[in-house]
Every structure is written in structure tokens, then in C-alpha cells.
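Chemist: sharing a sequence plus its predicted fold:
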Amino acid sequence: MQPSNHKKHLIVIGGPTASGKTAFAIRLARHFDTAIVSADSRQFYREMNIGTAKPTEGELAQAPHYLINSLSIEEEYSVGDFERNALQLLERLFREKDVVILAGGSGLYIKALCEGLDEFPEVPLEIRNAVEEEYRNKGLAFLQEEVARLDPDYYRDVDRQNPHRLIRALAVYRASGRPFSGFRKENKPPRPFTPIYLQLHWPRQKLYRRINRRVEQMATAGLAEEARTLFPRRELTALQTIGYQELFDHFEGKYSREEAIGLIQRNTRRYAKRQLTWYRRDGHWKLLRPDDWELALKYIEAVRTEGIQIRQGKAVGCPFIAADEDTVAIQILKNEEKPSFLLYKEKKQEALLQGPFLQPATGDLAGKLLIHQAALLAGERQLYAFSPIDNEVFQKVCLIEGRGREALPGWMEPHWRDFRRQYAGAKILKLEMPAPQLGDP
């Protein structure tokens, strides 16, 4: 996210499925007296209600909603169509509002609206038809294997259960000889608004329990009956989605009803995992628990008035970045200051803070936001910090007595040596507060 002088802001509520985006977006819309635009690629369709976890009539009545129930499943609708429609809608909404809410879990649609689409070559119809014919004859596994072999970068990010996107990627490769991911643009068209990205966070196991429970609630609410009405049109692109495909297979005798519900739960959990992978790739998301309401408002205000922003990646200027690919660096900057970094290892779920985080001269907010981000990423694991400044948020780990430096995870040891050379009086600290806890309503 680049600094901007735009007075218009789009608050983007992201997060995996079942993370509470609808309720959080409505609360923000009521707070700012504004509207919500949906970026959920399944909630566009009028005929798909229970299986898409669409907002209820009561929820829709609490704030103006757009791009929900706006299409029929018979209509072809691409991410490019969404980009054009949503930009036109925002142009109208921003005439009256300085803030608008965008909510949804479809990362590609969010990216298209906030950053612009990549430009891809035209694919001859005969190539597209040939790939579709192979899909009909060989199934989804064939598409997955081909895209994984020919374009592993795209395969890592794509919704692998979505044949439409896999077909497109494979057709582009066959038409051009280049992987789909190779056409992604570096320079995207400017937008007349500044996005503020908020991602709702749950510990993985609690999220999975929420997903399982929601699928059970959908089943009780009549998901199978809804799917039965759509079964005659099961080949439509809009219906190639989790929650319906499993029940279509049940209707064809491949699974029992109970097995189909179990598969919906499993496939939804896998989809949530892919969503989280997508969000991690884009380093501009501020993680928040659903009950971090006051912090969310402070962060939004800081972005709008103080130039706070998040940067992530290996090129953000941290002098202590490890060489391995598993380490991600994150900064939360205030007016381009670079006081501290968060290093995070996804596979180990371990976080390390480096720098003078809480400096009274800068009001402490950037440091507190970074500590909060680190605490959520680390989960139940130990959170360490290297700093030349003591603060009551941390407690010092003795460097001489006990197990101070020796207690560090091995990958942090080189960072400690480099940091100690950089800062006089450098200290090893650890988080004093317990790992953030979430209720599980």
C-alpha cells in the first residue's frame, strides 16, 4: 500500500470463510454511516443463498448493500466485469461518502478492484474449447496436475477447486507458451481512493470448528434442498463451487448425504487455507480479531490522517532479513519512518520483533500495531523481540543467567548477532502478555 493524499478511503474487510466478515462490515458501515460493496464472487447470484452464507434479510436491512443478489446463475460474469461495475459504483458512492466498505473473501476480486487487473493475451476459441473438453473427459485432477506442472506460481495461489480458473490458466499457457503468472503487471492503474486492508484473524483450529459448525447449520437450514433445485443446471460456471458440487455428486449416487456434508466441511477448510495463503502474499493486511473494535478504529484513523501503512516482503529495507524463503519481513510505518521490523516464519509459526518499537516521540501507535500483528501471527508460540529500549509491554530475558540467548529458536541467533552490532545496549525481550485469546461463540 503506497502513501496517498486521497480523501476517499475504501475499508476492505477480508479474511477466510466463516471469520465474521459480514458482521464486522455491518458494524463499520453503521459507524461510518456508509454502504457495503460485496466482493464475494458467490453472493452475486440470486439463486444461491444458503450455500453462500449470504447476509440475512435482517443483516441487509442494517446497512445499504451492493452487488449481492445482482445476477442470475445463467449470466456469465468475470472478474473484469466486477472490476468495471464496482469502480462505477464506487464513483457514485464516493460523491456522498468519504468512506465505503468492501467485504468479501474472494481475493482476486478484491485485488482487481483495488489494484487493477493484469493484461492477458487473447485465447483462440478452439484452444479454450479443447481445454474444456479435456476437463469434461479427465476431470478436475487433470487440470490441477497440468497447472501445477506448467505454472507452479499460479497453482500455489489459485482456488484449486475452481475449474473455471484452472481452465483459463491452462488455455493461456497453450495459446502463448508462457505461464499465466508471467503476465501479471508490475504497474497497475491508479485508483481515486486509498484502500485500508483489515483481515479478520482466528487461530486455525478455532476457525476450522467455526467452518464445521456453519456447514452443519447450512445443512439444517435446507442446503440440500436448495442444491436439488439447482441440480438440473449443475454445469453452469456459477455452480462449480464448494457446497453445491458435493451435493450434486450425492444426487448422482456417488456419496451419501452424510458423506457429502463431511466433504463440504473438508473442502471448505481447505479453501480457507488457500485464502490465508493468498492474504499472506499481499503484505498490506492488518490482522485483527473480530473483537478488536477499538484498535480497528484507531488503525483506520491513523491510515486516513497520519500516513500509517504496512509493508511486507524481502525488499522493505530490513538489514537483518534471513536468506531463506520462509522468512517474511513486515513493517508498520508512520510517515515513511522505519523504526522496527517483524520477522515471521510461517512453517514454524514463530515471530521476532526487531527495533525500537515503542518510541514516545512517534506516539507509540506504529509500534503497538506491529506488536499486535506479531502476537496474532505467533499464536500460542513464544514471541521474542530485540530492542535497545525497555518497555512495560515486554519483560527482559536475562542474557547471562538462566536461558536467555540459548533459549532462542535457532533461526533467530544470526539476527541477534547482527542486531547487537547495530544497536548499543541491545536486549532480548519476550512478550509479557499471554497469547491473544478468542472466544468461540
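Modeler: Structure's in. What do you need?
Chemist: how long is stretch 58-70 from one end to the other?
Modeler: Terminal residues of stretch 58-70 are spaced 18 Å apart (Cα to Cα, to the nearest Å).
Chemist: enumerate the positions of that stretch that are buried.
Modeler: For stretch 58-70, the neighbour count (16 or more other Cβ atoms under 10 Å) marks 60, 63, 65-69 as buried. C-beta here means a position set from N, CA and C on the backbone, and glycine is covered the same way.
Chemist: and the residue nearest to E134 when sequence neighbours are not counted, what's its pLDDT?
Modeler: In this structure, E134 finds its nearest non-sequential neighbour in F142, 6.3 Å apart by Cβ to Cβ, 6 or more residues apart in numbering. pLDDT, F142: 92.
Chemist: going along the chain, name the strands of the protein.
Modeler: Here the chain has its strands, by DSSP state E, at 9-14, 36-38, 65-66, 99-103, 194-200, 286-288, 308-312, 327-334, 341-345, 350-354, 383-387, 394-396, 427-431.
Chemist: buried ones in the longest one?
Modeler: Pointing back at strand 327-334 there. Residues of strand 327-334 classed as buried by neighbour count (16+ other Cβ under 10 Å): 327-334.
Chemist: same thing with stretch 133-140?
Modeler: For stretch 133-140, the buried set under the neighbour-count rule, 16+ other Cβ under 10 Å, comprises Y135.
Chemist: remind me which residues of this structure are low pLDDT?
Modeler: Across the chain, the ranges flagged by pLDDT under 70 are 1-6, 184-188, 313-326, 335-339, 358-363, 380-381, 390-406, 431-441.
Chemist: max-length helix in it?
Modeler: Determined from DSSP state H, the single longest helix within the chain is helix 257-281.
Chemist: distance between that helix and the chain's centre?
Modeler: Centroid separation between helix 257-281 and its chain, computed with Cα atoms, centre = their mean, to the nearest Å, is 14 Å.
Chemist: swap in stretch 70-77?
Modeler: 25 Å.
Chemist: what's the answer for stretch 58-70, then?
Modeler: 22 Å.
Chemist: check stretch 129-137 too.
Modeler: 31 Å.
Chemist: re the thing from before, got the strands of the chain as a markdown table, with distance to C114 columns?
Modeler: Formatted as a markdown table, the strands of the chain follow (distance: least, Cβ to Cβ, whole Å):
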| stretch | distance to C114 |
| --- | --- |
| strand 9-14 | 7 |
| strand 36-38 | 11 |
| strand 65-66 | 16 |
| strand 99-103 | 8 |
| strand 194-200 | 4 |
| strand 286-288 | 15 |
| strand 308-312 | 14 |
| strand 327-334 | 19 |
| strand 341-345 | 23 |
| strand 350-354 | 27 |
| strand 383-387 | 30 |
| strand 394-396 | 35 |
| strand 427-431 | 32 |
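Chemist: next, the buried residues of stretch 349-358.
Modeler: Taking 16+ other Cβ under 10 Å as the criterion, stretch 349-358 shows 350-355, 357-358 as buried.
Chemist: quick one: T56 from Q62, how far?
Modeler: Separation of T56 from Q62 (Cβ to Cβ, to the nearest Å) stands at 10 Å.
Chemist: could you pull out the helices for the stretch 1-150 of the chain?
Modeler: All helices of the stretch 1-150 of the chain, identified by DSSP state H, counting those that start in this stretch, fall at 21-32, 57-60, 79-93, 107-115, 125-138, 140-150.
Chemist: those helices into CSV, with extra columns for distance to R289?
Modeler: Shown next, in CSV, are those (distance: least, Cβ to Cβ, whole Å):
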stretch, distance to R289
helix 21-32, 10
helix 57-60, 20
helix 79-93, 28
helix 107-115, 20
helix 125-138, 40
helix 140-150, 34
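Chemist: most tightly packed of these?
Modeler: Mean neighbours per residue, mean count of other Cβ atoms under 10 Å, is largest over the helices of the stretch 1-150 of the chain for helix 107-115, with a mean of 22.
Chemist: tilt between it and strand 194-200?
Modeler: In terms of direction (axes from the mean of the first three to the mean of the last three Cα atoms, to 10 degrees), helix 107-115 departs from strand 194-200 by 150 degrees.
Chemist: run through who's touching helix 107-115.
Modeler: The set of residues external to helix 107-115 that reach it, using Cβ atoms under 8 Å, 6 or more residues apart in numbering, is 10, 12, 14, 39-41, 79-80, 82-83, 86-87, 90, 102, 104, 188, 191, 195, 275, 278-279, 282.
Chemist: put the alpha carbons of that helix into CSV.
Modeler: The C-alpha trace of helix 107-115 is given here as CSV (Å, rounded to 0.1, in the frame of the first residue of the first chain):
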residue,chain,number,x,y,z
GLY,A,107,-9.0,-12.3,-3.0
LEU,A,108,-8.8,-12.0,-6.8
TYR,A,109,-11.9,-9.7,-6.9
ILE,A,110,-10.5,-7.5,-4.1
LYS,A,111,-7.2,-7.2,-5.9
ALA,A,112,-8.9,-6.4,-9.2
LEU,A,113,-10.9,-3.5,-7.7
CYS,A,114,-8.1,-2.1,-5.5
GLU,A,115,-5.1,-2.5,-7.8
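Chemist: closest to P290 among the buried residues of stretch 58-70?
Modeler: P290 has its nearest neighbour among these in A63, at 17.1 Å by Cβ to Cβ.
Chemist: could you pull up phi and psi at the closest one?
Modeler: phi -160, psi 150 (degrees, to the nearest 10).
Chemist: in contact with it, which residues?
Modeler: Applying Cβ under 8 Å, 6+ apart, the residues near A63 are 25-26, 29-30, 34-36, 101.
Chemist: okay, now K347: neighbour count?
Modeler: Neighbour count for K347, taken as other Cβ atoms under 10 Å: 7.
Chemist: A39 contacts G104, correct?
Modeler: Yes - with contact defined as Cβ atoms under 8 Å, A39 counts as touching G104 (3.2 Å).
Chemist: hey, what's the angle from the longest helix of the chain to strand 341-345? Just curious.
Modeler: 140 degrees.
Chemist: buried stuff in helix 257-281?
Modeler: By 16+ other Cβ under 10 Å, the buried positions in helix 257-281 come out as 260-261, 263-269, 271-272, 274-276, 278-279.
Chemist: list the contacts for the closest residue to N85 other than its chain neighbours?
Modeler: Among residues not flanking N85 along the chain, L67 sits closest, at 7.1 Å (Cβ to Cβ, 6+ apart). Contact partners of L67, counting by Cβ under 8 Å, 6+ apart, are 37-39, 43-44, 82, 85-86, 89.
Chemist: how much space is there between L67 and L408?
Modeler: According to Cβ to Cβ, L67 stands 49 Å off from L408.
Chemist: could you report the neighbour count for T237?
Modeler: The number of residues packed near T237 is 15, by other Cβ under 10 Å.
Chemist: make 751 the first number, not 1, from now on.
Modeler: Sure, I'll start numbering at 751, so the last one becomes T987.
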